[in-house]
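Student: give the three-dimensional model of this entry:
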Amino acid sequence: MLPYGSLGVRIPATLSPVACALKGHFGTVGPSAGAATSNLAHVMHSLLAVAPGTVPLWAWIGVATVAGLMVGSFLNVVVYRVPRSLSISAPRSFCPRCRRQLTWWENVPVASWIALGGRCRSCRTLISPRYPLVELGTAAVFGIVAWRFSGALLTIPYCVLAATLFAVLMIDAGDLRSPLGLAASGSAIADLLLVVATSWHGQWAVLIGGQVGIAIGVGCFAALRSRDPECEKVPGIGRSALIPLGCWLGGLGIDPSLWGAGSALILCCTLSLTGVAADRGSAPMRPTPAGRQIRSRVLSRPLLISVGVAAVASLFAAH
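Tutor: Numbers count the residues shown, from 1 in each chain. From the prediction side, this is the model:
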């Protein structure tokens, strides 16, 4: 369990000072004032009762998983439209070939793809399995985050960071490039939620770590961008993901950050050296044409893959 994994609100310790503060502010004018204070305390109890014993962990994991399915469906829209400078709000989802707008039941995560047999209902064009895989992957990541944080408030900002990383990595894994605004806006939203979650429980070390991590991520991004402004070279692919990754690592603490950054550095160097050897024709194996395509895609994105590994390794290293 994470050191700050039990960040659920402790109702007896929280409501009593609040009630005392309210009584001190309004005074005890009479029975009505006391009743108002009691009612307000009862309302706060209902809204904030998220203590670990109140709702079982499996329920929080289930809620996070369902939310991940819906967010994954939205990420599919982001991954397709943002790098093409299309609006993510209008028009509704449509088939890229026949341009027909989809009905609501054709947009149900995973289930619609299965029901349609992986094809457009109108033109019968194949729908890439990437769409349900992104939805299932996002759901799995959200569930794991909720499990590692024991359903605490920190689950929310870290799910936003996970979605941001997912979107950036998915775009940069293709032939297009993720705009800086995507990583910056996702990191800003997550950081704001991190401030709220940590301030509510006085987890100042987590808050400071997240800010330091973002600063380091921005610095690394700026260094890479100064050497390759248009991101034309292999080392720069996926560089905008360093910003949300910095917040991710910083909030988890020093040891998980070292595990994540260390594993990413080793993997990135290994892939880079392997790519150099492959370019020189000194690779030990001669793969098939399909294998060469996969290998080329992997070796051409060492930073991209390393960022994903760093996020996963650091999350499981936290205890």
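Student: can you pull the pLDDT of the residue nearest to Ser240 when sequence neighbours are not counted?
Tutor: Leaving aside its chain neighbours, Ser240 sits nearest to Ala183 (3.9 Å; criterion: Cβ to Cβ, 6 or more residues apart in numbering). Where you see a C-beta, it was placed from the backbone N, CA and C, and this is true even at glycine. Note for Ala183: predicted pLDDT of 96.
Student: what sits against Ala183?
Tutor: By Cβ atoms under 8 Å, 6 or more residues apart in numbering, the contact list for Ala183 reads Thr164, Val168, Ser240, Ala241, Ile243, Pro244.
Student: the first one is in contact with Ala184, isn't it?
Tutor: No. Contact status for Thr164 versus Ala184: not in contact, 9.4 Å apart, counting by Cβ atoms under 8 Å.
Student: and the two? which has more neighbours close in?
Tutor: Thr164 (28 against 16; other Cβ atoms under 10 Å).
Student: secondary structure element holding the more buried one?
Tutor: Using DSSP states H and E, Thr164 maps to helix 155-173.
Student: how about low-confidence regions in this structure?
Tutor: Residue ranges of the chain with pLDDT under 70: 1-53, 234-235, 275-297, 319.
Student: try 50 this time
Tutor: 1-52 (pLDDT under 50).
Student: what residue spans form the domains of it?
Tutor: Domain assignment for the chain by automatic domain parsing gives 1-54, 55-151, 176-319.
Student: want to throw the ones you listed into TSV with distance to Pro157?
Tutor: As requested, the domains of the chain are exported to TSV (distance: least, Cβ to Cβ, whole Å):
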stretch	distance to Pro157
domain 1-54	12
domain 55-151	10
domain 176-319	4
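Student: most tightly surrounded among those?
Tutor: Of all the domains of the chain, domain 176-319 carries the top mean neighbour count, a mean of 18, counting by mean count of other Cβ atoms under 10 Å.
Student: got the contact list for the nearest residue to Gly250 once chain neighbours are set aside?
Tutor: Leaving aside its chain neighbours, Gly250 sits nearest to Gly213 (2.1 Å; criterion: Cβ to Cβ, 6+ apart). Residues in contact with Gly213, defined by Cβ under 8 Å, 6+ apart, are Leu245, Gly246, Cys247, Trp248, Leu249, Gly250, Gly251, Ser257.
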